[in-house]
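Visitor: The following block contains a protein sequence and its predicted model.
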Amino acid sequence: MNEVPEPQPVLRMRGVSKVYRAGEVDVVALRDIDLDCFAGEFIVILGASGSGKSTLLHMLGGLDTPTTGSIFYLDHNLTTASESELTRFRREHVGFVFQFYNLVPSLTALENVSLVTDVAEKPLPATEALARVGLHERMHHFPAQLSGGEQQRVAIARAIAKRPDVLLCDEPTGALDYATGKTVLQVLADLNRELNTLTLVITHNVAVAAMADRVIRLSSGQIVSDQRNARRAGVEELVW
Ligand SMILES: Nc1ncnc2c1ncn2[C@@H]1O[C@H](COP(=O)(O)OP(=O)(O)OP(=O)(O)O)[C@@H](O)[C@H]1O
């Protein structure tokens, strides 16, 4: 009988701990985390403030390095990578979306996205990335001429324009009202399905967990549960 080979995780953590030194005290932000994340998964990360969610995301995206343990992107060990190798990993393979959109105010939506497509290897055309988030009509507008939700969609277009293997979102709807937040979640769900990008979303909003393939809960720097949903709820079904 032929055995089906195990899929290789896109991102893998083994025994990862992170200790921050704050003056005289050590703050343990992550404790002995083991985690495998696979292509195409939509993962929601929940946990109280200070539980280590952002620290976990930063480690996975090569923005920070663990105190102990190892992190792999496919076969590449990020924990032994040089600063320039980490920069290349981030530039080529990771899209980041943060709560505040970090757009360049003096550039139009199209120019903000083009900053990425000009340096990426096989980018989506900036106009296509904007069309995918429903902003084709607004591409010549400046951030100040766009609503919060539209600015976040530009930030998402910028993140996906490099066709990343991994999309990491830290509270992407944290600054948005209910309806706008839902529009942004719909964009993330659609992109995850269409591009098969491994997507991790940190949120304080427990209702968002229903739209995920997988829900990871952190408490005091540890994974206290890692569960698969039987089905992914549509964004229109979410209520909070
Ligand atoms: N640069 C740092 N220096 C010192 N301590 C830090 C640093 N970054 C994070 N911490 C601490 O590490 C712990 C985990 O922080 P982290 O930001 O990962 O939590 P979080 O779950 O994302 O919280 P929130 O939901 O409030 O954003 C907290 O106790 C925090 O104060």
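Guide: Ah, there it is.
Visitor: So which other helices or strands are in contact with the one helix or strand Ile156 maps to?
Guide: When secondary structure is defined by DSSP states H and E, Ile156 falls within helix 148-160. Other elements packing on helix 148-160 under the criterion 3 or more C-beta pairs under 8 Å, 6 or more residues apart in numbering; DSSP states H and E are strand 94-97, helix 109-117, helix 126-132, helix 178-195. Heads up, the C-betas are built off the backbone N, CA and C, glycines and all.
Visitor: closest to Ser147 out of the ones you listed?
Guide: Nearest of the helices and strands packed on helix 148-160 to Ser147, taken as C-beta to C-beta: helix 178-195 at 6.9 Å.
Visitor: quick one: contacts of the helix or strand following the closest one?
Guide: Reading on from helix 178-195 to the C-terminus, the next helix or strand found by DSSP H and E is strand 198-202. Taking contacts as C-beta atoms under 8 Å, 6 or more residues apart in numbering, the residues outside strand 198-202 that touch it are 10-11, 37-45, 53-54, 57, 60, 165-172, 188, 191-192, 208, 212.
Visitor: Find the centremost residue of the protein, please.
Guide: Leu168 (1.0 Å; C-alpha atoms, centre = their mean).
Visitor: That residue: what's it in contact with?
Guide: Counted by C-beta under 8 Å, 6+ apart, Leu168 has contacts Leu57, Leu60, Gly61, Val94, Gly95, Phe96, Val97, Leu200.
Visitor: Export those to JSON lines and append columns for pLDDT.
Guide: Shown next, in JSON lines, are the contacts of Leu168 (pLDDT from 0 to 100):
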{"residue": "Leu57", "pLDDT": "97"}
{"residue": "Leu60", "pLDDT": "97"}
{"residue": "Gly61", "pLDDT": "97"}
{"residue": "Val94", "pLDDT": "96"}
{"residue": "Gly95", "pLDDT": "95"}
{"residue": "Phe96", "pLDDT": "95"}
{"residue": "Val97", "pLDDT": "95"}
{"residue": "Leu200", "pLDDT": "98"}
